[in-house]
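>>> Starting from these lines, generate the structure:
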Amino acid sequence: MNVRSASAGPAARLADTYSVGGVAIDVSATGEVAALLDSRLRFLRSPAAKPASVVFDIRTGDDDGFAVSPAGPGRPVYDAPGGRLMYFDGPDQLFIEYPGYFRMLCSPGTGLVQSAVLREGAGSVLAAYLFFTIPLIEVMKRNGRFPIHAGCVAREGRGLLLAGMSGSGKSTLTAALVMDGWDFLGDDMVFVARQAGAALAWGLSDEIDCSDQTAGMFPKLRHLVGEPTLAGRGKHPVDVEEAFGVRPVPSCRPQALVLPAISGGRRSVLTAVSASHALRELAPNVLLTQPAATQAHLDALAELVREVPCYSLATGTDLAFASRCLQEILG
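From the prediction side, this is the model:
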């Protein structure tokens, strides 16, 4: 079981190409963040594409003025305790800063993301996880791939999107479904677009984020309970291949969107909800950056919830029963 720490050392180096939804992403990184990203993205490796649509240039070391803030006024678009995440309308740039630890400048229109890790440890974790994902979301929107904060599992190419905020039980439910034989696409982020007249989903197939509470529910994960996590992260990264013997599948055709919430009871209860209700649940995760990209994102989510049936799932402790409930959606 992988319980990784940011301890690769400054000699580590990453220069590789990955693919999400057919979008080629070049990543160059050094130091601890290189090892973390190499582990996180390994299922997405792809032959090099020149030029790549998206480039991440992540540098570790002294503050040499790399990835500094744009000039002029910006506006906050994400709550980042201890730091700031600002969008600058004029140059169409996203800027993130955690003073002394990490800094990032994203230019979504060109697909360039520049990050400076000023202090390894917490700075590396910021660069490899949350503040790798957020700029990825922005550049993917400009490439017609629209993000949903959701897990995704499938059977025979027919997928379920498990959407919800942190703490809704997405990761616990995803792990239970994978152990019950469902294919794994991702547990936290999915990108959707229309192809051949219907929605297609691609998972950001990295690790499953596993809390101590989740780990305690599964014999294969129970040894993680009480183990230390990476600085700045409260959950353990679980490699699905190593833990469950499965490799992620790249894409699926969504058949339903499910909004899970932990019920505290034993039996899960599945209830149909309206498209407007589902859209209200999804919309808060849309970053209000460039107006055209933001509207395109909202339009894509609205189209998705009109196309597929939407449900709420009051998830009980009997996860095998929850899996059977969800299987019934696919017929």
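
>>> Tell me, how many residues neighbour P248?
Close neighbours of P248, defined as other Cβ atoms under 10 Å, add up to 18. Yep, even glycine has a C-beta here, placed from its N, CA and C like the rest.

>>> Please apply the same query to the one 5 residues further on.
Look at R253: counted by other Cβ under 10 Å, it has 16 neighbours.

>>> swap in S312?
When neighbours are defined as other Cβ under 10 Å, S312 has 18 of them.

>>> Which residues does it form beta bridges with?
L259, T271 (DSSP bridges).

>>> hang on, isn't it packed against S274?
No: the pair S312 / S274 is not scored as a contact, 10.6 Å apart, by Cβ atoms under 8 Å.

>>> just the helices in the stretch 51-200 of the chain please.
In the stretch 51-200 of the chain, the segments counted as helices under DSSP state H, counting those that start in this stretch are 122-128, 130-141, 170-179.

>>> where do the strands sit along the stretch 151-300 of the chain?
Defined through DSSP state E, counting those that start in this stretch, the strands belonging to the stretch 151-300 of the chain, from first to last, are 158-163, 183-186, 190-195, 198-203, 208-210, 236-238, 251-262, 269-273.

>>> you'd agree V54 is up against T110?
No: V54 sits out of contact with T110 when judged by Cβ under 8 Å, with a separation of 9.3 Å.

>>> Of these two, which one has the most company?
Relative neighbour count places V54 above the other of V54 and T110, with 25 against 14, counting by other Cβ under 10 Å.

>>> and that one, how far is that from E120?
As judged by Cβ to Cβ, to the nearest Å, V54 and E120 stand 24 Å apart.

>>> cool, E32 as well?
5 Å.

>>> which of those two has more neighbours?
Neighbours around E32 and E120, counted as other Cβ under 10 Å, are more numerous at E32. The numbers are 25 against 21.

>>> Got the phi and psi for the more buried one?
Listed backbone geometry of E32 is phi -60, psi -40, with angles given as degrees, to the nearest 10.

>>> That one touches A122, doesn't it?
No: E32 is beyond contact range of A122, at 10.3 Å (criterion: Cβ under 8 Å).

>>> How far away from the center of its chain is stretch 301-316?
Centre-to-centre, stretch 301-316 and its host chain are 19 Å apart (Cα atoms, centre = their mean, to the nearest Å).

>>> same thing with stretch 130-150?
8 Å.

>>> how about it: buried residues?
Within stretch 130-150, the residues that qualify as buried by neighbour count (16 or more other Cβ atoms under 10 Å) are 130-143, 145-150.

>>> I'd like the average pLDDT over that stretch.
Here stretch 130-150 scores 96 as its mean pLDDT.
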